[in-house]
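Engineer: this one's sequence-less:
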């Protein structure tokens with residue numbers, strides 16, 4: 001009889017599309033408390049996903065110094081970071097929140113901050129440094145699978161970390177050339193990173209962010225005239241990346257099945273967004289989330305619309321395995 005797979009072997013085989021003895025179950029190392037339930041699940045084959053240490057280091061020739069100061073404000077912890085570059089300084093304030101943090105003050109505050117941000121990402125050297133990773137991997141043994149990190153996707157890094165959504169929207173309209181120069185500098189750094197990752201002992205990496213990698217090769221894909229929607233005759237708009245030329249109509253690949261909604265896919269004008277009855281985001285992070293305003297204009301009533309609410313309900317039912325119509329999508333695990 002073949003020896004049972006370790007949790008790590010089971011996950012590694014699954015991601016290579018190889019045969020496994022049963023469907024692996026994973027959880028991040030910081031997401032499960034150390035208790036009797038954890039031990040029970042690990043005895044049943046639960047695999048820990050160990051995030052880091054990473055396998056590469058980045059040397060930034062234009063960074064001349066860094067500072068980090070921790071303090072409390074209104075009883076809450078704060079961390080102020082200062083990065084000194086030969087093109088100027090960048091400051092930010094975060095609030096630690098367990099395994100993550102909240103951005104209270106973004107590094108980008110004025111147009112003059114483009115120069116130090118671009119300098120930060122320019123002429124970097126990415127080198128392989130797997131020592132800490134290999135030591136952690138050996139310590140974890142077969143109980144955990146190691147996961148490296150690339151960082152945030154360039155556009156997500158700018159929106160989430162450097163600017164915030166509202167500032168990004170203003171900069172996109174007012175100083176797009178400067179923003180795209182920053183974008184290109186980050187893309188160049190990422191491209192210097194990929195060959196190093198390919199040579200590393202780590203087999204799994206997370207590329208954080210909900211933007212689309214195609215933006216790295218085609219910044220013009222961000223242009224509003226190229227955006228497309230899947231919509232209904234009632235002016236409902238479903239945003240997603242453009243896959244065809246302007247004014248090209250074709251059936252949508254995915255329809256909100258079961259709701260009786262006829263969908264079409266076509267390019268739209270920006271003005272159509274302002275008169276839409278509803279709009280919503282979809283993605284791994286947002287699932288189905290309403291868009292209540294665009295450019296400070298309310299969409300519909302300015303609240304979650306009835307169609308969006310129905311789609312949210314349908315999505316949640318399907319995701320939780322409570323809709324028998326989609327039973328073929330599920331793999332049920334029997335726990336004894």
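Structural biologist: Everything's here; your move. These numbers come from a predicted model, not from an experiment. Numbering: from 1, shown residues only.

Engineer: low pLDDT regions in the stretch 101-250 of the chain?
Structural biologist: 209-250 (pLDDT under 70).

Engineer: helices along that one, start to end?
Structural biologist: Ranges of helices within the stretch 101-250 of the chain are 114-121, 131-140, 154-156, 165-174, 176-199, 214-217, based on DSSP state H, counting those that start in this stretch.

Engineer: using CSV, please lay out those together with distance to residue 297 and mean neighbour count.
Structural biologist: Placement of C-beta: from N, CA and C, glycine included. Below are these laid out as CSV (distance: least, CB to CB, whole Å; neighbours: other CB atoms under 10 Å):
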stretch, distance to residue 297, mean neighbour count
helix 114-121, 28, 20
helix 131-140, 49, 13
helix 154-156, 24, 21
helix 165-174, 13, 13
helix 176-199, 21, 16
helix 214-217, 25, 14
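
Engineer: make a markdown table out of those and add distance to residue 148.
Structural biologist: Shown next, in a markdown table, are these (distance: least, CB to CB, whole Å):
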| stretch | distance to residue 148 |
| --- | --- |
| helix 114-121 | 20 |
| helix 131-140 | 7 |
| helix 154-156 | 18 |
| helix 165-174 | 27 |
| helix 176-199 | 7 |
| helix 214-217 | 19 |
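
Engineer: and residue 269, which of those helices is closest to it?
Structural biologist: Smallest distance to residue 269 across the helices of the stretch 101-250 of the chain (CB to CB): 16.1 Å, for helix 165-174.

Engineer: for that closest one, packing partners?
Structural biologist: If you count contacts as 3 or more CB pairs under 8 Å, 6 or more residues apart in numbering; DSSP states H and E, helix 165-174 packs onto helix 176-199.

Engineer: the helix it packs on vs helix 165-174, what angle?
Structural biologist: Angle of helix 176-199 versus helix 165-174, following axes from the mean of the first three to the mean of the last three CA atoms, to 10 degrees, is 120 degrees.

Engineer: quick one: contacts of helix 176-199?
Structural biologist: The contact list for helix 176-199 (CB atoms under 8 Å, 6 or more residues apart in numbering) reads 55-56, 58, 111, 114, 117-118, 121-122, 124-128, 148, 150-151, 154-155, 157-158, 162, 168, 171-172, 205, 215-216, 219.

Engineer: try 7 Å
Structural biologist: For helix 176-199, the surrounding residues in contact (CB atoms under 7 Å, 6 or more residues apart in numbering) are 56, 111, 114, 117-118, 121-122, 124, 126-128, 148, 150, 154-155, 157-158, 171-172, 205, 216, 219.

Engineer: okay, now residue 263: neighbour count?
Structural biologist: 17 (other CB atoms under 10 Å).

Engineer: ramachandran angles for residue 164?
Structural biologist: Main-chain dihedrals, residue 164, degrees, to the nearest 10: phi 90, psi 160.

Engineer: need the contact list for it.
Structural biologist: The contact partners of residue 164, taken as CB under 7 Å, 6+ apart, are residue 106.

Engineer: separation between it and residue 108?
Structural biologist: Separation of residue 164 from residue 108 (CB to CB, to the nearest Å) stands at 8 Å.

Engineer: for residue 118, same thing?
Structural biologist: Taken as CB to CB, the span from residue 118 to residue 108 is 11 Å.

Engineer: equivalent analysis for residue 276, please.
Structural biologist: 30 Å.

Engineer: okay, those two: which has more neighbours?
Structural biologist: The neighbour comparison of residue 276 against residue 108 (other CB under 10 Å) goes to residue 108, with 22 against 19.

Engineer: surely residue 291 is in contact with residue 278?
Structural biologist: No: Residue 291 is beyond contact range of residue 278, at 8.1 Å (criterion: CB atoms under 7 Å).

Engineer: who's more crowded, these two?
Structural biologist: Neighbours around residue 291 and residue 278, counted as other CB under 10 Å, are more numerous at residue 278. The numbers are 25 against 19.

Engineer: residue contacts, the spatially closest residue to the more buried one that is not a sequence neighbour?
Structural biologist: In space, and not counting its chain neighbours, residue 278 is closest to residue 305: 3.4 Å by CB to CB, 6 or more residues apart in numbering. Going by CB under 7 Å, 6+ apart, residue 305 touches 277, 278, 290.
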